[in-house]
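**Q** no sequence on this one, just coordinates:
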């Protein structure tokens, strides 16, 4: 363990220099190690795991999608905001899930004024903080009002905390780089902070904890890699923390993504780090005592930890493990003893505020200020692997792109990655986003991998990572941060060459075609509700989404698969109307993508397990011969219009029934039984 000996008040000149992001006159300039590690340095063993006397107790997973912020409703009930579902989940002290509360606008953060049964909820969908009354007898809540008025310019309020002594509520707004303090009655008392690096200034404040016994407020100033301390009336008192700390061989990441804070009645401070997957423990003066947990998916480990809550007696710690998704529960000491075995750890000087002169860059992945590179680069010890590795890069990206992170509006989870290529039964596939950490060459999904040299450069041993498709620093190739020009979904078609088909080719729904708006069955472009036209045409993203698709079946469709989705464009294709309980949908008879399928109209190669050949829908002499196959020698009864029929009078899928109906005529089945009428006859007669 590397103890951090800097205290908040009454510091030596060296300590003040090492802790502050603002140079102090007369301070020595700490020197970094002789060799600066690059992004390939990974898994440095100096990072401790549970080096304080914390005991893992349980993982709560019920009703959780991506838990972010938490609060104690009472000594026996914990509230957990779950932004993807928009709900507040509730657990009793044993971990039993209680009925959740649906929150209009979606819950992002939560805090409780227990003395007055008031619940504050920062909203996911709009910059507001809703104020609810809690009815303990009924177990429900009712909206009272919203915090602030037209003069309160919330941008993206997230974390909240309440002073239990007087009911003041503090709202952290990372988008505004500010903290708002309201009275219990809703009056704005203070608004403090602005963007900057000086004391009392912030770069994405992310979490807050009221330390009422000591009359102070702790604020995680994430972009400045520190925790700032203020009095209850917003007066600055001090700060502690640094981005890195040195060993003899490396510069270790140390306080890179502080996402959650909690403080015990004894003043012990707990701070979660979403990137490093750890909870750090500090004494009341900012001396590091140790850490709890480590990065991983096992019980008691963290993937993008966010908020922290302590039980009333300070003996139990609850951690919102956003990408678990879970709440991890630990028993922790109520008192700690500081060790003085090690000398203070000196911190590095900051980089040139302008960064490398030759790097063209677009925000927000190049933050203004003295350390725009350092949030993701120039340290070692990434617990999931190096930034060049798919897993390591995923961890870096998702430490912000998470339900409780600074990019919460573009959140992703490891569980979102599609599993369509990894299951034998497509019906068992899950996922709402394009997979990563998978081979780019994937015959199961008709992918030959990229041919673009830039994309190839950003593969990792042939596997896709975030940077394969995204250039996190530039948008000149396309929005959002595309690695290559994606006009007409060129990047999708770059890899998935097997299904890059035109209207004259079989085997896949055509792409790269102009949408025939208003022609025949096709609606006007502005009438499309679930399909998106790309430059006025049909492309991959017309039907699919790359991330956060609404359908969780691994196919990344913009809507649930089935007739209603297909009929967004194909308005005259009615469902097949059949007797009995079976109601076939579009995908029972059609395959949208199968490069080996030569059938017309994307008719499936198999229906009900029977192979289907449908290669000609207008044969001379006998227009029925590709629709029904009863006249073959021997009869096969496996034509597209007979393979499923067991009760029809004509052309059943067996020897029974009349198989001469309209034989050797110019009438096709669909001339009298059109798709637009659900294949019911429009007239009767031969």
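**A** Cool, got the structure. As the structure is a computational prediction, the values presented were derived from the model and not from experiment.
**Q** touching stretch 175-187 from outside, list them.
**A** Judged by C-beta atoms under 8 Å, 6 or more residues apart in numbering, the contacts made with stretch 175-187 from elsewhere in the structure are 113, 116, 118, 127, 131, 145, 147-148, 152-157, 166-173, 188-196, 201-205, 208, 217, 219, 234. C-beta here means a position set from N, CA and C on the backbone, and glycine is covered the same way.
**Q** any of those buried? List them.
**A** Neighbour counting with 16 or more other C-beta atoms under 10 Å marks 113, 118, 127, 131, 147-148, 152, 154, 156-157, 167-173, 190-193, 196, 201-205, 208, 217, 219, 234 as buried within the contacts of stretch 175-187.
**Q** for the closest residue to residue 212 other than its chain neighbours, the count of nearby residues, please.
**A** With C-beta to C-beta, 6 or more residues apart in numbering as the criterion, residue 212 has its nearest non-adjacent residue at 5.1 Å, and that residue is residue 165. One way to gauge burial is a neighbour count; for residue 165, by other C-beta atoms under 10 Å, it gives 12.
**Q** distance-wise, check residue 165 relative to residue 115.
**A** Computed with C-beta to C-beta, to the nearest Å, the distance linking residue 165 and residue 115 is 9 Å.
**Q** just residue 566 next, same as before
**A** Using C-beta to C-beta, one obtains 56 Å as the distance from residue 566 to residue 115.
**Q** picking that back up, which of the buried ones among the contacts of stretch 175-187 fall in helices?
**A** The helices in this structure, assigned by DSSP state H, contain none of these.
**Q** circling back to that earlier point, of residue 566 and residue 115, which one has the most company?
**A** Neighbour totals were compared for residue 566 and residue 115, and residue 566 leads with 21 against 12 (other C-beta under 10 Å).
**Q** excluding sequence neighbours, find me the nearest residue to the more buried one.
**A** Of all residues beyond its chain neighbours, the one nearest residue 566 is residue 586 (4.5 Å), with distances taken as C-beta to C-beta, 6+ apart.
**Q** also residue 232?
**A** In space, and not counting its chain neighbours, residue 232 is closest to residue 215: 5.5 Å by C-beta to C-beta, 6+ apart.
**Q** so how many other residues sit close to that neighbour?
**A** Using other C-beta under 10 Å, the number of residues around residue 215 comes to 13.
**Q** I figured it hits residue 230, correct?
**A** No. The pair residue 215 / residue 230 is not scored as a contact, 10.1 Å apart, by C-beta atoms under 8 Å.
**Q** do you know how far the residue nearest to residue 232 is from residue 270?
**A** To residue 270, residue 215 is 19 Å away according to C-beta to C-beta.
**Q** do residue 674 as well
**A** According to C-beta to C-beta, residue 674 and residue 270 sit 68 Å apart.
**Q** over to residue 89?
**A** To residue 270, residue 89 is 21 Å away according to C-beta to C-beta.
**Q** poorly predicted segments of this protein, please.
**A** In the predicted model, the chain carries pLDDT under 70 at residues 1-50, 247-248, 338-364, 366-372, 561-563, 579-580, 619-621, 684-686.
**Q** residues contacting the spatially closest residue to residue 531 that is not a sequence neighbour?
**A** Nearest residue to residue 531 in three dimensions, chain neighbours excluded: residue 568, at 4.6 Å (C-beta to C-beta, 6+ apart). Residues touching residue 568, when contacts are defined by C-beta under 8 Å, 6+ apart, comprise 523, 528-531, 559.
**Q** let's see that with 6 Å instead.
**A** With contacts taken as C-beta atoms under 6 Å, 6 or more residues apart in numbering, residue 568 has the following neighbours: 528, 530-531.
**Q** looking at the residues you listed, which are in helices?
**A** Judged by DSSP H, the subset of the contacts of residue 568 located in helices is empty.
**Q** tell me which of the residues you listed is nearest to residue 617?
**A** Sorting the contacts of residue 568 by how near they are to residue 617, with C-beta to C-beta, puts residue 531 at the top with 25.7 Å.
**Q** if we can go back for a sec, if I look at the residue nearest to residue 212, how far off is residue 132?
**A** Residue 165 sits 21 Å away from residue 132, going by C-beta to C-beta.
**Q** helix/strand/coil for residue 121?
**A** What DSSP: H, G, I helix; E, B strand; the rest coil gives for residue 121 is strand.
**Q** for it, grab the count of nearby residues.
**A** Burial of residue 121 is recorded as 31 neighbouring residues (other C-beta under 10 Å).
**Q** skip the chain neighbours and tell me the closest residue to residue 166.
**A** Taking C-beta to C-beta, 6+ apart as the measure, residue 166 lies nearest to residue 184, with 7.0 Å between them; neighbours along the chain are not counted.
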